[in-house]
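**Student:** here is a sequence with its predicted model. Questions after.
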Amino acid sequence: MNIAFFGASSQIAKGLIKKFSRSKANNLYFFVRNKESFSIWLVEKKLSFEQQQIKTYDELSDALNIDLFINCIGVGDPAKAVNMSSTIVSVTQQYDEQVLEYLALNPSTKYIFLSSGAAYGNIFSAPPEDYLPISLDMESTKSSDMYAISKIKAELAHRAKPQYSIMDIRIFSYFDSETSLNSRFFLTDALRSIQEKKIFITSNQNFVRDYIGADDLYQLILRLTSRDNLNTVVDAYSLGPIDKFSILEMLKKNFNFRYEFTESEVGLNATGSKGHYFSKNYCAKNYGYEPSLSSAGIILNVARTLLSR
């Protein structure tokens, strides 16, 4: 199968590339802005490849005979989301439309679009259990709304083309060994404090998150793409979410981790406050998806890997 990764240099794409590379039946194409740095990563990971598999976005052509697109273009770091807030909608649309143009000429090609739980809008005082009307002002100019709006607009464009196999996966929180400790997430900030032997300062406000990793995301993609003529959206979820206070105690128990609470808001919140950022919409099970790990299990596994480097 010929598989094209858009945004192949993103952290989430790298985890998937390692999974898809295991099958000799897969021929992978990597679309990136910087070919040189990405080829260095492939060498470091000991992934066999030919130079012509690495392409810039303007090198997409019908001659590649793509069977599956996986669009991982997005903002994997809240710090980047802040800087890109004014352009994130147009950038998302630009690359999405490039894939849709390919589908128009090659209607049998399947398309996985990595969306976000943020596409639910401002509803995270409790986890969603069903797909609801959009609860976000689509004309908003707030920087914290731009990421969600970019995903919502893409999903709406996909549902408007039911003749194509387009599957949007809403990811809430993702954690993998390809996650950079330099990125500005709650977990990476906490692990960096362990690495630097510093006390981690965090607000005294709790929250709940659901983390999945490359294994379960890979499984979900395989389940969805095994179906023909599927145009839908599904939520990604683990065996169980975890709250912030439990994460702190788990890190304290398993690592040399020290933390203190403050009443002030700490960290970077680029996409708005989300107290319960996870889903109870388990429609992915209808396609055979069965998560293998809980959020706690994923956090521990990845933390041990990242801190051992």
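**Tutor:** Here it is on my side, so go on. Numbers count the residues shown, from 1 in each chain.

**Student:** quick one: secondary structure of V233?
**Tutor:** strand (DSSP: H, G, I helix; E, B strand; the rest coil).

**Student:** and Y111, by the same measure?
**Tutor:** Quick answer, by three-state DSSP: Y111 is strand.

**Student:** quick one: contacts for the residue of the chain most remote from its centre?
**Tutor:** Computed with C-alpha atoms, centre = their mean, the residue of the chain farthest from its C-alpha average is E263, at 30.1 Å. Neighbouring residues of E263 by C-beta atoms under 8 Å, 6 or more residues apart in numbering: S203, N204. Where C-beta positions appear, they are placed from N, C-alpha and C, glycine not excepted.

**Student:** quick one: pLDDT of it?
**Tutor:** If you check E263, the pLDDT there is 87.

**Student:** just confirm P107 is within a strand.
**Tutor:** No - looking at P107 with three-state DSSP, it is coil, so not inside a strand.

**Student:** what residues are up against it?
**Tutor:** Applying C-beta under 8 Å, 6+ apart, the residues contacting P107 are Q163, Y164.

**Student:** which residues in the stretch 51-200 of the chain form helices?
**Tutor:** Ranges of helices in the stretch 51-200 of the chain, per DSSP state H, counting those that start in this stretch, are 78-84, 88-105, 143-159, 186-195.

**Student:** give me the neighbour count for the closest residue to L47 other than its chain neighbours.
**Tutor:** Spatial nearest neighbour of L47, chain neighbours left out: S21 (5.2 Å); criterion: C-beta to C-beta, 6 or more residues apart in numbering. Using other C-beta atoms under 10 Å, S21 is surrounded by 17 other residues.

**Student:** low pLDDT regions in the stretch 151-300 of the chain?
**Tutor:** 267-273 (pLDDT under 70).

**Student:** go with 80
**Tutor:** Scanning the stretch 151-300 of the chain for pLDDT under 80 picks out the ranges 265-274.

**Student:** end to end, how far does stretch 175-187 reach?
**Tutor:** 9 Å (C-alpha to C-alpha, to the nearest Å).

**Student:** could you check how far it is from the centre of its chain?
**Tutor:** Computed by C-alpha atoms, centre = their mean, to the nearest Å, the chain-centroid distance of stretch 175-187 equals 12 Å.

**Student:** also stretch 149-158?
**Tutor:** On C-alpha atoms, centre = their mean, the centre of stretch 149-158 falls 15 Å from that of its chain.

**Student:** just the buried positions in it, please.
**Tutor:** The neighbour-count check on stretch 149-158 (16 or more other C-beta atoms under 10 Å) flags I149, S150, K151, I152, K153, A154, E155, H158 as buried.

**Student:** to what extent is the closest residue to the first one other than its chain neighbours buried, counted in neighbours?
**Tutor:** If you skip the residues right next to it in sequence, I149 has V89 as its closest partner in space, 5.7 Å away by C-beta to C-beta, 6+ apart. A count of neighbours around V89, defined by other C-beta under 10 Å, yields 20.

**Student:** now do the one 3 residues further on
**Tutor:** Counted with other C-beta under 10 Å, the burial measure for T92 works out to 24 neighbours.

**Student:** that one reaches A148, doesn't it?
**Tutor:** No - the criterion here is C-beta atoms under 8 Å, and T92 misses it with A148 at 11.0 Å.

**Student:** hmm, back to that, for F257, see how far away the residue farthest from the centre of the chain is.
**Tutor:** 21 Å (C-beta to C-beta, to the nearest Å).

**Student:** hang on, the earlier thing: the residue farthest from the centre of the chain and I201, how far apart?
**Tutor:** On the measure of C-beta to C-beta, E263 and I201 end up 11 Å apart.

**Student:** for D145, same thing?
**Tutor:** Distance from D145 to I201, by C-beta to C-beta: 28 Å.
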